[in-house]
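>>> Provide a 3D model corresponding to the input given below.
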Amino acid sequence: MAQDGIPEALTFDDVLLMPAESAVLPAEVDISTDLTPEIGLNIPIISAAMDTVTESSMAIAMAQSGGLGVIHRNMPIEEQASEVERVKRFESGLVLNPITVHPDMTIGELREMKSKYGFSGFPVVNGGGSLAGIITNRDIRFVEDDTTKVSEMMTSDIVTVGLDYDPKEAQSLLQKHRIEKIVVVDGGGNCAGMITVRDIQRTRDHPLSCKDDQGRLRVA
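Numbering: from 1, shown residues only. I've put the predicted structure just below:
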């Protein structure tokens, strides 16, 4: 009751919602939204473009959850581009134009590339772009001499598919040959892409991921 001209008001503790069974299940709620007419998000959350909040790791987590991460610009343009590239290459049904190595490269140089990009394997191509083989962690795990050439340790007999491959067929080949990577080649035998078990599994683990038209995680 109002007293001396002071209106009656309520606090949170003065209000109680009666518990009741809901007819709406959480799993059935659609919280997707449109960021732009062309870009949709499965959750309406965008991480802040702050140097203490969003770099590639946060952007990856946001996109996998269905939202979007915005890389901050408090760093050189080259580093900004590198952060975006890490997100784009983290999960993709088909890695187009993958980073490749040359047969004459040393294992030491290869390990530097592994450290830089965080990949476990690379297609090996000749100077003209033709596929020569593939080299992975298993090939170099026990190599102690960093001057050893990639050509000495790479796997030359590899499984490939064409650009018009069937995703189910690719998964069957991965299972059949007990391998983790398949190289995609064009009509001339040149390396055009790569399919990995890791990316397939990540896609299954995060079905609501926010991705672009090429199946890569979105990042701003």
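
>>> Now do the buried residues in stretch 71-78.
Ile71, His72 (16 or more other Cβ atoms under 10 Å). Bear in mind the C-beta positions are built from the backbone N, C-alpha and C, glycine included.

>>> Please enumerate residues in contact with that stretch?
Identification of contacts with stretch 71-78 by Cβ atoms under 8 Å, 6 or more residues apart in numbering yields 49-51, 53-56, 59, 80, 83-84, 87, 219-220.

>>> Endpoint to endpoint, it covers what distance?
Start-to-end span of stretch 71-78 (Cα to Cα, to the nearest Å) is 13 Å.

>>> tell me the mean pLDDT over it?
The average pLDDT for stretch 71-78 rounds to 95.

>>> same question, stretch 151-171
Across stretch 151-171, pLDDT averages out at 89.

>>> Just checking the distance from that stretch to the centre of its chain.
20 Å (Cα atoms, centre = their mean, to the nearest Å).

>>> which of the contacts of stretch 71-78 has the most neighbours?
Ala59 (26 neighbours; other Cβ atoms under 10 Å).

>>> Pull the contacting residues for the residue lying closest to that one once chain neighbours are set aside.
Residue nearest to Ala59 in three dimensions, not counting chain neighbours: Gly69, with 3.0 Å by Cβ to Cβ, 6 or more residues apart in numbering. For Gly69, the contact set (Cβ under 8 Å, 6+ apart) comprises Ile46, Ser47, Thr54, Met58, Ala59, Ile60, Ala61, Met62, Ala63, Val87, Val219, Ala220.

>>> which ones among these are found in helices?
Met58, Ala59, Ile60, Ala61, Met62, Ala63, Val87 (DSSP state H).

>>> of these, closest to Thr11?
Set against Thr11, the nearest of the ones in helices among the contacts of Gly69 by Cβ to Cβ is Met62 (35.6 Å).

>>> Would you confirm that that closest one contacts Ala48?
No. Between Met62 and Ala48 there is no contact under Cβ atoms under 8 Å: 10.6 Å.

>>> Please report how far Leu25 lies from Leu208.
17 Å (Cβ to Cβ, to the nearest Å).

>>> For those two, work out which one has more neighbours and name it.
Comparing Leu25 with Leu208 by other Cβ under 10 Å, the one with more neighbours is Leu208, at 13 against 7.
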